[in-house]
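In: Next input, structure requested:
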Amino acid sequence: MGVAAGPIRVVVAKPGLDGHDRGAKVIARALRDAGMEVIYTGLHQTPEQIVATAIQEDADAIGLSILSGAHNTLFAAVIDLLKERDATDILVFGGGIIPEADIAPLKEKGVAEIFTPGATTQAIVDWVRVAVRQPTGA
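Out: You can find the predicted model right below:
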């Protein structure tokens, strides 16, 4: 139990005011090419919109792309909203320009994985596939 059936569903989102979505689109395409269902929310999404989309779409994971420097606030907001909505089974991962010093605290808050610039799309696809398919609490 606890293992997703059917294709893995991932919401890829660009929260906040960041206007650069090339990286998010590259990741969305790589996940799609790997057979996953990807819901790309587009630019300037609020944490509330992202969480609502993930729940509505029955997503297995949320991938956040953050280059704006607001990663600590935005990741925390998404994780807190998932807790409030009783949807902590949705994995949160992300990437972007995130200082090394911020990665451990983000993981402590509940971010499953952080990909820094230079991570390959294959590494991200492989991580999502393994992380989502792992039975939780086993």
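
In: In stretch 26-45, which residues are buried?
Out: 27-28, 30-32, 34, 36-41, 45 (16 or more other C-beta atoms under 10 Å). The C-beta positions use only the backbone N, C-alpha and C, and glycine is treated the same way.

In: Beta-bridge partners for the residue nearest the centre of the chain, please?
Out: The centre of the chain sits closest to residue 63, judged by C-alpha atoms, centre = their mean, with a distance of 1.8 Å. Assessed by DSSP bridges, residue 63 has beta-bridge partners residue 12, residue 93.

In: That one against residue 93, yeah?
Out: Yes - counting by C-beta atoms under 8 Å, residue 93 is a contact partner of residue 63 at 5.5 Å.

In: In contact with the residue nearest to the centre of the chain, which residues?
Out: 10-13, 24, 27, 31, 93-95, 124, 128 (C-beta atoms under 8 Å, 6 or more residues apart in numbering).

In: By neighbour count, which of those residues wins?
Out: When neighbours are counted as other C-beta atoms under 10 Å, the busiest of those turns out to be residue 13, with 31 neighbours.

In: And that residue, how close does it get to residue 105?
Out: 21 Å (C-beta to C-beta, to the nearest Å).

In: Equivalent analysis for residue 17, please.
Out: 22 Å.

In: So which of these two has more stuff around it?
Out: Counted by other C-beta under 10 Å, residue 17 and residue 105 do not tie: residue 105 has more neighbours, with 12 against 9.

In: Which helix or strand in the protein has the lowest average pLDDT?
Out: Ranking every helix and strand in the chain by mean pLDDT, DSSP states H and E puts helix 22-33 at the bottom, with a mean of 92.

In: show me where this structure has strands.
Out: Applying DSSP state E to the chain gives strands spanning 9-13, 37-40, 61-66, 91-96, 113-115.

In: In TSV, list those strands along with mean pLDDT.
Out: Output for these, formatted as TSV (pLDDT from 0 to 100):
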stretch	mean pLDDT
strand 9-13	97
strand 37-40	97
strand 61-66	94
strand 91-96	94
strand 113-115	96
